[in-house]
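K.L.:
Give the three-dimensional model of this entry:
(2 chains)
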Protein chains: 2
Amino acid sequence: MVENYYAVIMAGGGGTRLWPLSRKARPKQMLRLIDHRSLFQTSVERLQGLFDLEHILVVTVEEQALELQEQCPRIPRENFLLEPMPRGTASVVGLAAIALRQRHPDAMMAVLTSDHYIGDEQRFRQLLNIAGMAAQEGRLVTLGIPPTYAATGYGYIQSGEVTCQYDDVKIRRVVRFKEKPDELQAQLMLAGGDHTWNSGMFIWQVKRILQEFDRQMPGLMSGLEQIDKAWGTPQHEQVITQVWQGLQPETIDYGIMENASDVVVVPADGLRWSDVGSWDSLFEVLPADGQGNIIIGGHHFGLDTRESLVYVAQERRLIVTIGVRDLVVVDTGDVLLVCRKDEAQKVRHVVNVLKETEESYI
Amino acid sequence: MVENYYAVIMAGGGGTRLWPLSRKARPKQMLRLIDHRSLFQTSVERLQGLFDLEHILVVTVEEQALELQEQCPRIPRENFLLEPMPRGTASVVGLAAIALRQRHPDAMMAVLTSDHYIGDEQRFRQLLNIAGMAAQEGRLVTLGIPPTYAATGYGYIQSGEVTCQYDDVKIRRVVRFKEKPDELQAQLMLAGGDHTWNSGMFIWQVKRILQEFDRQMPGLMSGLEQIDKAWGTPQHEQVITQVWQGLQPETIDYGIMENASDVVVVPADGLRWSDVGSWDSLFEVLPADGQGNIIIGGHHFGLDTRESLVYVAQERRLIVTIGVRDLVVVDTGDVLLVCRKDEAQKVRHVVNVLKETEESYI
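P.N.:
Predicted coordinates:
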C-alpha cells in the first residue's frame, strides 16, 4: 500500500449492452454475473493488497449510489462521490482529482472501470503498481490491452519508443489515440503490432492531471475550483449541481488525453481482460460446460445444444433447448431475448428502437 | 344430411407432441391454435352441412369431457360417450358402434380425428359423402392422404385396382396396411405412387364393422354386447368400467383393418391436411408473415429473423429475436422451449425423459 496512491472507480454508467438483464436503472456494473458477485464488487475486490478500502473512491450518480454502497459496505461512505448528472468521464476524473487533492497534495490516482472483467488479478495489481511508479515522474499513464482480434468496438492507442521499464514491463510513449476503427483499419492495426486497445484506465499524479485540465479544459477547471471551495459547506451540493448543469459532456480521452504531453502506455498483457460488452463476451469470462454451454439460473435441459448461453432470472423455470448452436437465450421475466451469438452486438440497435416505443422495457 | 349417417370424433387422446403447450391435462385437440379455435372445434365445425350436430358423437375420457363440452356446447350432452380409461381406438370405435346401433339399425359411421387440420373443408365434406356412398355397399372405407414427402412418422396404405368411382374420385382396393417405415422404405413408397398415408379416418356401416369385431375381436365384442344390454340402466357405468378394465389396448388398424375384407381407400387429395404433429407442422397450417415467421401471442420484436415460430402464452411479455432462422420458440410461462425447426420431432424425447424426472412439467 502506497500512502498517497488512490483508486478511483468510475461507476456511474448506465449502459444497456447486456440488455435485457442490464437496464437503465440496473446497469452492467451492478449485475451479479461472476460467482454471484457484481462486476462492481469484483472491481473493488481485485484491488485488495494494493489499496486499502479507505483509498478507494467511487464516483457515481445518486440513483445508483445506494445499491453500490450496499454491494460494498466496507468502503467508507464519504468515499462515494456523487455526480448530479452524467457529464462524461472528463468531469468524473476532475471531481475525483479535486477530492483527492484535499486529502493529499501529492496524491496519485488510478482511474479504473467498474464493469470490466479481469481474470488475472495479481497481474493487474502488479501493473497498477508499475504504472504508479511511472506516473510518479509526472507521466500520464494509460493501460493498453494487447489486441487479440481486429475489434472495431474499441478505441486504440498507438505506441512508440520505450521510455522506461519495470520488471518485464516496457512502458512506451503514446504516439496517438484512435477512435473506433473500421474493419480494415482494425486489421492493419492488429497486424502492425504497435497498437493496443484503450482500456479506459489511467494512472497519474493528481496535480499533474489538474494542470492538464487547467490547460485544456479551463471551463471545467474553474468549476472544479468553485466546488473545491464549497466542499464541506452547506452550499456544496448546490455549487456542484450548478457547475454540472453548465458542462458539456466530454470524455477524458478526447477532452484531455489526445492533446496531453508525456503520455505513456503500459502494455497490460496477461490480464484476461474483457469489457463484458455484449452477451457473447461472457464466453471470455465464465467457464463453459463440456458442451461449451454457459447456463446461468433456471433449470435447463439441453438436447444437442452447444456453445450457447442460457440466462434465466426465475429459478423455477424449465428451459429446454434442442438442436441449438451458438445461441444466446436471456430470460428476465418481462423480456425474452433469443439471439445468434455472433450478432449479440445488435442488442443495442434493439434497445435504441425500444427507447422510442417501449421505454418500460429499457 | 343423410338420415342414418353419423360422425364419430375420437377426442380422448393425451398427446404431448406440441409440448410444452400440450400437456397431459390439456391435449392437442383442446388447444386454440387456429383463429382462437381449438382443433376439436374446427373438427366439429368442418362437418357443418354434412352432419347435424345431433349426428355428431364425441368419444372421450371423463377428465376431458367437460372442457370439450364447453368448447362445443351445441352438441347434445348424450352424444358425448365416455371411456372409463383409454384402451386404444378399437374399443373407441366399438363403443360408438353399439351406441349408434341403438339409434339406427342401419347407421353408417365416419370415424374422425379431433386434432388434425384440414384446409379445404368443402373437399373434406365431399370426400366423406363419397366415402359414405362407397360404404353403403358394405365396404370398409379408409381415407388415405397422398404423401407429399417421405414421411417416417405415419402408417401407409398400399392400394390396388379401382373398385368404384364417384365424380373424380377413384376408390381402390387396399392391398396392405404398413406400419411407420424407415427412411428408405418411405422413399420407395413415395416413388412408387401406390401408397397413401393412413389418416386414421374410416367410414363404414355400423353392422358391417361389428361383424368384423365379432370375427376378429370376439372378446371386445362380447364386452360391447354386455354394455349394450346395460345401456340406460343404473348398471351401465359399472358394466363399461368392468369391460374396459379387462381390455388390452388395441388400435382399430391392427385389431381390425389389417385382416378385414372389402377394405378400400379413398384418395383424400386436395385437403391440405396436417396432423399438427409437431411445432414445425404449424407452418403447414398457419399463415406466415413477410419474413416467413409465425408469431402467436406476446409482443415480438424481430431483427433479421426468418422462417421461425414464436408462441408466447403471456400477452405482456416482450420477445426479441436477433439473427434467428428456422427456430421454434415456445413460452408457456413455466416452460421455455427453444428448438431448431427441423428437430421439432425430438420434443417427444424430452417429454419421455421429463416424465421420469420432472413430471410436473408434462
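
K.L.:
For stretch A:300-316, C-alpha coordinates in CSV please.
P.N.:
What follows is stretch A:300-316, C-alpha atoms only, in CSV (Å, rounded to 0.1, in the frame of the first residue of the first chain):
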residue,chain,number,x,y,z
HIS,A,300,-32.0,-26.3,-18.2
PHE,A,301,-32.4,-29.4,-20.2
GLY,A,302,-30.4,-29.4,-23.4
LEU,A,303,-30.6,-31.9,-26.3
ASP,A,304,-27.9,-31.5,-28.9
THR,A,305,-27.1,-28.0,-27.6
ARG,A,306,-23.6,-26.5,-28.0
GLU,A,307,-21.7,-23.3,-27.5
SER,A,308,-24.8,-21.5,-26.2
LEU,A,309,-25.6,-19.2,-23.3
VAL,A,310,-28.8,-19.5,-21.3
TYR,A,311,-29.5,-17.0,-18.6
VAL,A,312,-32.8,-17.3,-16.7
ALA,A,313,-33.8,-15.0,-13.9
GLN,A,314,-36.5,-17.3,-12.5
GLU,A,315,-35.0,-20.3,-10.8
ARG,A,316,-38.2,-22.5,-11.2
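
K.L.:
Which residue ranges of the stretch 201-350 of chain A form strands?
P.N.:
Along the stretch 201-350 of chain A, counting by DSSP state E, counting those that start in this stretch, strands occupy A:263-267, A:273-274, A:294-296, A:299-306, A:309-312, A:318-325, A:327-331, A:335-340.

K.L.:
With mean neighbour count added, can I get these in JSON lines?
P.N.:
(Glycine included, C-beta is placed from N, CA and C.) As requested, the strands of the stretch 201-350 of chain A are exported to JSON lines (neighbours: other CB atoms under 10 Å in any protein chain shown):
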{"stretch": "strand A:263-267", "mean neighbour count": "24"}
{"stretch": "strand A:273-274", "mean neighbour count": "20"}
{"stretch": "strand A:294-296", "mean neighbour count": "18"}
{"stretch": "strand A:299-306", "mean neighbour count": "18"}
{"stretch": "strand A:309-312", "mean neighbour count": "22"}
{"stretch": "strand A:318-325", "mean neighbour count": "22"}
{"stretch": "strand A:327-331", "mean neighbour count": "24"}
{"stretch": "strand A:335-340", "mean neighbour count": "24"}
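
K.L.:
and A:L188, how far is that from chain B?
P.N.:
To chain B, A:L188 is 28 Å away according to CB to the nearest CB, to the nearest Å.

K.L.:
helices and strands around the helix or strand where that residue lies, which ones?
P.N.:
Element membership of A:L188, judged by DSSP states H and E, is helix A:183-192. When contacts are defined as 3 or more CB pairs under 8 Å, 6 or more residues apart in numbering or on different chains; DSSP states H and E, helix A:183-192 packs onto strand A:156-166.

K.L.:
Could you give the average pLDDT over the helix holding A:L188?
P.N.:
Averaging pLDDT along helix A:183-192 yields 96.

K.L.:
again, but for stretch A:211-223
P.N.:
97.

K.L.:
go on, stretch A:321-329?
P.N.:
For stretch A:321-329, the per-residue pLDDT averages 97.

K.L.:
if we can go back for a sec, and the helix holding A:L188 with strand A:156-166, angle?
P.N.:
20 degrees (axes from the mean of the first three to the mean of the last three CA atoms, to 10 degrees).

K.L.:
low-confidence ranges in chain A?
P.N.:
Scanning chain A for pLDDT under 70 picks out A:1.

K.L.:
Now render the strands of the stretch 201-350 of chain A as JSON lines, adding distance to A:E137.
P.N.:
Converted to JSON lines, the strands of the stretch 201-350 of chain A look like this (distance: least, CB to CB, whole Å):
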{"stretch": "strand A:263-267", "distance to A:E137": "10"}
{"stretch": "strand A:273-274", "distance to A:E137": "26"}
{"stretch": "strand A:294-296", "distance to A:E137": "44"}
{"stretch": "strand A:299-306", "distance to A:E137": "52"}
{"stretch": "strand A:309-312", "distance to A:E137": "45"}
{"stretch": "strand A:318-325", "distance to A:E137": "52"}
{"stretch": "strand A:327-331", "distance to A:E137": "46"}
{"stretch": "strand A:335-340", "distance to A:E137": "48"}
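
K.L.:
Let me know which of these is the nearest to B:A186.
P.N.:
strand A:318-325 (21.3 Å; CB to CB).

K.L.:
Each with direction, which strands does that closest one pair with?
P.N.:
strand A:299-306 (parallel), strand B:335-340 (parallel) (DSSP bridges).

K.L.:
Go ahead and name everything in contact with the first one.
P.N.:
Pointing back at strand A:299-306 there. With CB atoms under 8 Å, 6 or more residues apart in numbering or on different chains as the test, strand A:299-306 has contacts from A:291-293, A:295, A:308, A:310, A:312, A:315-326, B:343, B:346, B:349-350, B:353-354, B:358.
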